[in-house]
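Enquirer: all I have is the shape, not the residue letters:
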Ligand SMILES: NC(=O)c1ccc[n+]([C@@H]2O[C@H](COP(=O)([O-])OP(=O)(O)OC[C@H]3O[C@@H](n4cnc5c(N)ncnc54)[C@H](O)[C@@H]3O)[C@@H](O)[C@H]2O)c1
Ligand SMILES: O=P(O)(O)OC[C@@H](O)[C@@H](O)[C@H](O)[C@H](O)CO
């Protein structure tokens with residue numbers, strides 16, 4: 001019956017017209033479409049700000065969205081029901097490999113922003129402001145040295161290639177705005193871009209410092225992957241077929257710091273907050289929300305859970321999360337009552353049974369995520385002379401996961417850890433802690449706490 005319905009397109013009466021492209025987005029996943037594209041569509045000047053979105057690696061999302069002119073349905077899944085909204089802020093979609101088109105956008109002076117949701121791992125940040133020189137980075141460096149418009153694959157090189165094209169075209173200043181879950185995401189982006197630019201053409205470094213604003217943002221809206229059920233729901237409730245609807249939760253938050261010399265949509269009128277410093281918001285979200293997500297992804301999946309709502313309903317997992325939050329809040333520079341209400345709201349968001357957020361999706365790229373979600377709190381607690389059992393539980397769960405328990409490992413950075421976790425327990429724990437944080441492997445009290453959680457879970 002549903003095949004008789006037309007495919008979603010701009011020619012349908014309900015479809016908004018495509019706005020002129022002024023934003024280039026890298027990482028056309030579900031999150032961008034639930035978050036930044038939603039704020040752009042709801043800004044009062046939406047008709048002036050179209051987005052050209054490129055996939056991160058594979059072309060799949062572009063292939064699904066191009067036949068429907070970038071349009072898609074947002075399914076806002078509240079505890080009591082679904083609210084469906086047709087969104088049209090994405091004016092054009094492209095595969096990552098469509099590099100010439102990307103460079104062409106960056107040469108246009110009216111293109112004022114490059115936004116990013118490419119996952120934490122894509123930045124290839126070394127964690128201290130520099131760039132990891134992976135084989136792909138070396139290959140991209142060599143390509144750009146010989147031809148500024150050569151195809152490149154890493155995020156830092158795609159940004160450098162775009163900036164080279166912009167400088168050559170004299171197209172003026174631009175803002176690069178990271179919307180990924182990594183600390184100080186603006187300066188992390190600046191660090192990897194500047195390091196790569198220096199290796200390609202040192203004069204570009206000065207041009208970047210004069211022309212490019214690396215804005216930071218804290219982003220929050222739990223947005224799982226699309227299921228067939230989501231596609232069927234749209235077919236039942238709308239008069240069209242949508243190959244790529246986006247399920248998301250009602251809650252949304254965006255806190256931004258940047259200077260935007262070439263302009264931006266009036267996102268604040270749609271609910272975004274513009275601030276001087278995102279750090280307290282970013283730490284609150286990364287350590288409380290993402291930290292507990294990672295704890296549940298590893299330790300919760302080892303206990304047999306598949307989704308966040310299932311894991312948080314398990315009193316054992318809930319106790320671990322509360323322990324992690326208890327040891328996190330002393331390190332957040334925010335009023336206690338705000339943090340209490342943030343925690344209560346998180347428990348409600350996690351318990352939403354209609355958001356089927358897979359632990360396997362959250363678990364991906366653990367070597368990058370543990371370092372930014374768990375390690376800062378662990379370090380702060382040890383500096384305060386305490387043994388953080390919530391952090392120890394997350395590390396123990398991650399070790400179990402790397403050993404093959406719970407959801408499968410999907411992490412390009414896991415290799416050095418996989419060798420360590422095959423050692424006997426104590427050597428494994430010391431080795432993993434040492435690799436995560438130099439010197440930490442000889443922290444006997446912490447090692448004992450992780451071992452105790454590891455052994456507890458063996459018997460659960
Ligand atoms: N989904 C959420 O709830 C959520 C919420 C807040 C922030 N975020 C941020 O957005 C990012 C993307 O989330 P999503 O749900 O859209 O994911 P997604 O899997 O739907 O899309 C991720 C995009 O990044 C690309 N990608 C993945 N790994 C890459 C790599 N190593 N190098 C280059 N490109 C890569 C993919 O091809 C895809 O285009 C997250 O990693 C996170 O930093 C997501
Ligand atoms: O999207 P990732 O892979 O960075 O992390 C998985 C989840 O922790 C994350 O997507 C949260 O749901 C999100 O950050 C909530 O805003």
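Expert: That came through fine. This one's a predicted model, so the numbers in the text were calculated from it and none came from an experiment. Ligands and ions are numbered 1, 2, ... in the order given.

Enquirer: stretch 48-66 vs ligand 1: in contact?
Expert: Yes: looking at stretch 48-66 against ligand 1 by CB under 6 Å from any ligand atom, the contacts come from 55, 56, 57, 58, 61. Placement of C-beta: from N, CA and C, glycine included.

Enquirer: quick check, distance from that stretch to the centre of its chain.
Expert: Here stretch 48-66 is found 16 Å from its chain centre; the criterion is CA atoms, centre = their mean, to the nearest Å.

Enquirer: distance between the ends of it?
Expert: 21 Å (CA to CA, to the nearest Å).

Enquirer: and if you look at stretch 9-19?
Expert: Using CA to CA, the end-to-end distance of stretch 9-19 comes out at 14 Å.

Enquirer: ok, and for it, which residues are buried?
Expert: Using 16 or more other CB atoms under 10 Å as the burial criterion, the residues of stretch 9-19 that qualify are 12, 15, 18, 19.

Enquirer: buried subset of the residues of stretch 48-66 next to ligand 1?
Expert: Neighbour-count burial (16+ other CB under 10 Å) is assigned, among these, to 55, 56, 61.

Enquirer: now flag whichever of those residues is closest to residue 427.
Expert: When these are compared for distance to residue 427 (CB to CB), residue 56 wins out at 36.5 Å.

Enquirer: helices or strands next to the helix or strand bottoming out on mean pLDDT in the chain in the packing?
Expert: Taking mean pLDDT, DSSP states H and E as the measure, the chain has helix 444-458 as its least confident helix or strand, at a mean of 90. Secondary-structure packing of helix 444-458 (3 or more CB pairs under 8 Å, 6 or more residues apart in numbering; DSSP states H and E): helix 389-402, helix 425-436.

Enquirer: deepest-packed of the ones you listed, please.
Expert: Highest mean neighbour count among those (mean count of other CB atoms under 10 Å): helix 389-402, with a mean of 27.

Enquirer: next, count neighbours for residue 183.
Expert: Other residues near residue 183 come to 20 when the count uses other CB atoms under 10 Å.

Enquirer: ok, now which ones touch it?
Expert: Listed by CB atoms under 8 Å, 6 or more residues apart in numbering, the contact partners of residue 183 are 282, 283, 286, 372, 376.

Enquirer: give the contact list for the fourth one.
Expert: Pointing back at residue 372 there. Taking CB under 8 Å, 6+ apart as the definition of contact, the neighbours of residue 372 are 120, 127, 181, 182, 183, 286.

Enquirer: picking up where we left off before, can you lay out the contacts of residue 183 as JSON lines showing distance to ligand 2 and secondary structure?
Expert: Written out in JSON lines, the entries for the contacts of residue 183 read as follows (distance: CB to the nearest ligand atom, whole Å; DSSP: H, G, I helix; E, B strand; the rest coil):
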{"residue": "282", "distance to ligand 2": "11", "secondary structure": "helix"}
{"residue": "283", "distance to ligand 2": "13", "secondary structure": "helix"}
{"residue": "286", "distance to ligand 2": "8", "secondary structure": "helix"}
{"residue": "372", "distance to ligand 2": "10", "secondary structure": "helix"}
{"residue": "376", "distance to ligand 2": "16", "secondary structure": "helix"}
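
Enquirer: need the buried ones from those residues selected in ChimeraX.
Expert: Under the burial definition 16+ other CB under 10 Å, those of these that qualify are selected in ChimeraX by:
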select :282,283,286,372,376
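
Enquirer: quick check, nearest of the contacts of residue 183 to residue 260?
Expert: Here the nearest of the contacts of residue 183 to residue 260, counting by CB to CB, is residue 282; it sits at 18.6 Å.

Enquirer: not counting sequence-adjacent ones, nearest residue to residue 263?
Expert: With sequence-adjacent residues excluded and distances taken as CB to CB, 6 or more residues apart in numbering, residue 263 is closest to residue 112, at 4.9 Å.

Enquirer: ok, that neighbour touching residue 176?
Expert: No: look at residue 112 against residue 176 with CB atoms under 8 Å: they stay out of range, at 10.8 Å.

Enquirer: which residues does the residue nearest to residue 292 when sequence neighbours are not counted contact?
Expert: Setting aside the residues directly before and after it, residue 292 is nearest to residue 321 in space (CB to CB, 6+ apart), at 4.6 Å. The neighbourhood of residue 321, defined by CB under 8 Å, 6+ apart, consists of 292, 295, 296, 312, 390.

Enquirer: tell me who's in contact with the single nearest residue of the stretch 51-200 of the chain relative to ligand 1.
Expert: Minimum separation of the stretch 51-200 of the chain from ligand 1 (CB to the nearest ligand atom) falls at residue 56, amounting to 2.2 Å. Under the criterion of CB under 8 Å, 6+ apart, the contact partners of residue 56 comprise 26, 27, 28, 29, 96, 118, 119, 122, 155.

Enquirer: at 6 Å what do you get?
Expert: Residue 56 makes contact with 27, 118, according to CB atoms under 6 Å, 6 or more residues apart in numbering.

Enquirer: that one belongs to a helix, doesn't it?
Expert: No: secondary structure assignment (DSSP: H, G, I helix; E, B strand; the rest coil) places residue 56 in coil, not in a helix.

Enquirer: what pLDDT does the residue most central in space within the chain get?
Expert: Centroid-nearest residue in the chain, with CA atoms, centre = their mean: residue 180, separated by 3.7 Å. Residue 180 carries a pLDDT score of 98 in this model.

Enquirer: ligand 2 versus that one, what's the distance?
Expert: In this structure, residue 180 and ligand 2 are 7 Å apart, going by CB to the nearest ligand atom, to the nearest Å.

Enquirer: ok, residue 289 next?
Expert: Using CB to the nearest ligand atom, one gets 6 Å for the distance from residue 289 to ligand 2.

Enquirer: thank you kindly, that will do.
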